[in-house]
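Asker: Any chance you could fold what I've pasted below:
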Amino acid sequence: MPRLPRLAATASAALALAVLGSGPAAAHEPTVSNPRIVAHFDLAAGQTPENIALAPDGSAVLTFALARQVVRVDRQGTTTVLAQLPAVANPQTPVIGAAATMGVVRAKDGTLYVNYATGTAAENGVWRIRPDGGAPERIAALPPGGFPNGLALDEKCGALYAADSVLGTVWRVPLDGGAPTAWATGTALQPLPAPNGLVGANGIKVHNGAVWVSNTDRQTLLRIPVRHDGTAGPAETRATGIAWIDDFAFTGHGDHVLAALIMSNELALVRPDGTHKILLTAQDGLSNPTSAAVHKGTLYVPSAAFFTQTDPNLLLADLEKNGKNAKK
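Answerer: Below you'll find the model as predicted:
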């Protein structure tokens, strides 16, 4: 999730006070190895990878937040622009003040959906990018006073879920487009009160009958059950003390989570019991990591370099779970 350099001093001071929780290592828990950077991006061109979706061939679909682009990066690092979101004459995006492409998901037919945060009534919301290469189109308007950040897809139920970092809301949007519904709200999703609050609900995933959401300000990972009628159950706090958690991914069918910690340049494994440990650091190449994804034994971690201002990139690593490569 991008924060412009004017916020760096505040964020860095808060980071200095944060203490990352840790817990005992569990037997046969997921591990990563062989981290390598497969693509370096151009910071001056706004190529700041904010979010990620994966294609069946292992290519990564990334949002370049400040370039307002959606791109594909193959496993050799070749980058191709898939879509350019329209310019906004006077963006009023809360927190960052700039128009930015944020969360992205990919449907089975190759259609992409992306959150475009602009702070303007005409552009702010969820956009669709068809696989035939047509122009992006907005399918759902979200309140311009909010900040649509992470995006999740439940194709079986025909719904998208957008995490609003400022309004503390999970919006539910029909996959075909239309009026959004404030699906989940409440203190657990909100940023901290002013003057300390910046970003509440951030990353989001649909997993095992629930919508999972990270809250950056509150350093939490939440699970919100999806009831039989599609409404939201009470939010459950599954982990606390995860400083600067951004977006995240599950390692598989279980509840082990790989979470990007944007300000500490780390990737954490969050265990089902809520404890966590660090798996990757800046020494491995992370530079303000924003999200994570998993595909057939490979972990993908985009770094946006919003604060380090050094080397936005896409890092891959080998993922093993339960003592075996995840491909198996």
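
Asker: What residue, apart from its backbone neighbours, is nearest the residue nearest the centre of the chain spatially?
Answerer: Within the chain, the residue whose C-alpha comes closest to the C-alpha centroid is Asp247; the distance, by Cα atoms, centre = their mean, is 3.4 Å. Closest residue to Asp247 in three dimensions, ignoring its sequence neighbours and counting by Cβ to Cβ, 6 or more residues apart in numbering: Gly203, at 3.1 Å. Where C-beta positions appear, they are placed from N, C-alpha and C, glycine not excepted.

Asker: pretty sure the one you found is in contact with Phe250, am I right?
Answerer: No. Taking contacts as Cβ atoms under 8 Å, Gly203 lies outside contact range of Phe250: 11.4 Å.

Asker: of these two, who's got more company?
Answerer: Shown here are Gly203 and Phe250; by other Cβ atoms under 10 Å, Gly203 has more neighbours (30 against 19).

Asker: Can you give the contact residues for the strand or helix carrying that one?
Answerer: Applying DSSP states H and E as the criterion places Gly203 in strand 201-207. With Cβ atoms under 8 Å, 6 or more residues apart in numbering as the test, strand 201-207 has contacts from 1, 103, 149-154, 161-165, 168-170, 189-190, 211-216, 226, 245-250, 255, 259-260, 291.

Asker: Repeat the analysis, applying 6 Å as the threshold.
Answerer: 1, 149-150, 152, 154, 161, 163, 165, 168, 189, 212-216, 246-248, 250 (Cβ atoms under 6 Å, 6 or more residues apart in numbering).

Asker: what touches both of Gly203 and Phe250?
Answerer: Here Gly203 and Phe250 share no contacting residue, scored by Cβ under 6 Å, 6+ apart.

Asker: still on that earlier bit, kindly give the local confidence score, pLDDT, for the residue nearest to the centre of the chain.
Answerer: Per-residue confidence for Asp247 comes out at a pLDDT of 98.

Asker: do the same with the one 3 residues further on
Answerer: With respect to pLDDT, Phe250 has a value of 98.

Asker: ok, back up a step: list the buried ones in the strand holding Gly203?
Answerer: Neighbour counts using 16 or more other Cβ atoms under 10 Å place Ala201, Asn202, Gly203, Ile204, Lys205, Val206 of strand 201-207 among the buried residues.

Asker: what secondary structure does Val32 sit in?
Answerer: Assigned by DSSP: H, G, I helix; E, B strand; the rest coil, the conformation of Val32 is strand.

Asker: For the nearest residue to it once chain neighbours are set aside, give me the pLDDT.
Answerer: Spatially, and ignoring its direct neighbours in sequence, Val32 is nearest to Ala317 (4.4 Å; Cβ to Cβ, 6+ apart). Confidence per residue is given as pLDDT, and for Ala317 that number is 98.

Asker: what separates Ala317 from Ile52, distance-wise?
Answerer: Distance of Ala317 to Ile52, given as Cβ to Cβ, to the nearest Å: 14 Å.
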